[in-house]
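S.K.: A predicted structure for the sequence below; I have some questions about it.
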Amino acid sequence: MWSPEQYARFAAERKQPFTDLLSLIERHPRMRVVDLGCGTGELTRELHESLGAEETVGIDESETMLLKAGHFGGEMLRFEQGNIEAFVTDRPYDLIFSNAALHWIADHEALLARLTSFLSVRGQLAVQMPLNDDHPSHRVAAEVAGDFGLAPRPDPILPVERYAELLYRLGYQRQHVRLQVYGHVLPSADDVVEWVRGALLTHYQSQLPGGRFEEFLDAYRARLRGVLGEERPFFYTYKRILLWGAR
């Protein structure tokens with residue numbers, strides 16, 4: 001259900017958290033890097049080139065997204081289809097990177113422990129995850145989903161301070177964990193629908209046949225407009241967790 005074109009409608013706004021996460025990473029020679037949830041691969045290429053990595057692998061479950069990623073691959077940068085839950089490797093990575101992907105996966109305590117086991121001795125973990133389920137854009141989607149007989153999208157995100165505790169217990173000698181609010185000026189409140197349609201609403205779209213999703217969108221748009229109003233432009237706040245640790 002992922003649409004590269006829909007997701008890219010707000011590419012500049014979505015890129016800032018990636019840039020902020022990238023700034024936390026310590027550069028070392030000849031790094032082996034994996035990008036979990038690489039999407040269309042454009043930012044994976046920027047990650048690879050910025051770090052001067054020896055090898056970077058981008059992994060994503062969406063075949064549609066990876067069709068775009070093929071344009072950015074090369075000898076030392078490649079892309080593979082796979083899901084994060086099944087990710088394994090027999091060669092340790094110097095950096096495990098994930099930008100806006102791990103919030104789709106349950107049991108973060110077990111997940112971070114497993115990912116840590118795939119790191120080299122001086123390895124780093126860098127993760128960015130949305131934390132905006134309390135915003136009307138997400139709350140209203142969950143309410144409308146209930147009207148359509150669907151359960152709300154599961155939210156596996158832990159309290160922010162818990163990630164700091166986890167990194168400490170997993171042996172990261174240095175860490176940086178923060179909650180950041182990004183403010184996006186959109187043309188109107190209706191554009192919030194287009195924003196969440198590129199990511200959050202794919203969860204509900206995958207469970208609704210054909211025209212039912214269009215009905216869902218109409219109901220969601222009407223109810224959200226009643227909550228957000230007709231403000232132009234509209235200031236859309238979006239919270240995210242950024243975490244980095246070095247062993």
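M.R.: Perfect, I can see it now. Here the structure is a predicted model, which means the values were calculated and not measured.

S.K.: Just the strands from the chain, written as ranges.
M.R.: 32-36, 55-60, 77-81, 93-99, 119-130, 174-186, 234-246 (DSSP state E).

S.K.: Select, out of these, the one closest to Arg162.
M.R.: Set against Arg162 and scored by CB to CB, these come closest in strand 174-186, at 9.4 Å. For the C-beta atoms, the positions are set from N, CA and C on the backbone; glycine is no exception.

S.K.: list the buried ones in the closest one?
M.R.: 175, 177, 182, 184, 186 (16 or more other CB atoms under 10 Å).

S.K.: helices or strands next to it in the packing?
M.R.: Packed against strand 174-186 by the contact rule (3 or more CB pairs under 8 Å, 6 or more residues apart in numbering; DSSP states H and E) you find helix 11-22, helix 160-169, helix 190-197, strand 234-246.

S.K.: contacting residues around the residue nearest the centre of the chain?
M.R.: Residue closest to the average C-alpha location in the chain (CA atoms, centre = their mean): Ala100, at 1.0 Å. Contacts for Ala100 (CB atoms under 8 Å, 6 or more residues apart in numbering) come out as 14, 17-18, 37, 128-130, 199, 240.

S.K.: and the longest helix anywhere in the chain, how far from the chain's centre?
M.R.: Scanning the chain for the helix with the most residues, using DSSP state H, yields helix 211-228. Taking the mean of its C-alpha atoms, helix 211-228 sits 24 Å from the chain's own mean (CA atoms, centre = their mean, to the nearest Å).

S.K.: Same check on stretch 119-136?
M.R.: Taking mean C-alpha positions (CA atoms, centre = their mean), stretch 119-136 and its chain are 8 Å apart.

S.K.: One more: stretch 208-223?
M.R.: 24 Å.

S.K.: Could you do stretch 155-174 as well?
M.R.: That offset, for stretch 155-174, works out to 17 Å (CA atoms, centre = their mean).

S.K.: Okay, buried residues for it please.
M.R.: 157-158, 163-164, 166-167, 170, 172.

S.K.: That concludes my questions; thank you for your assistance.
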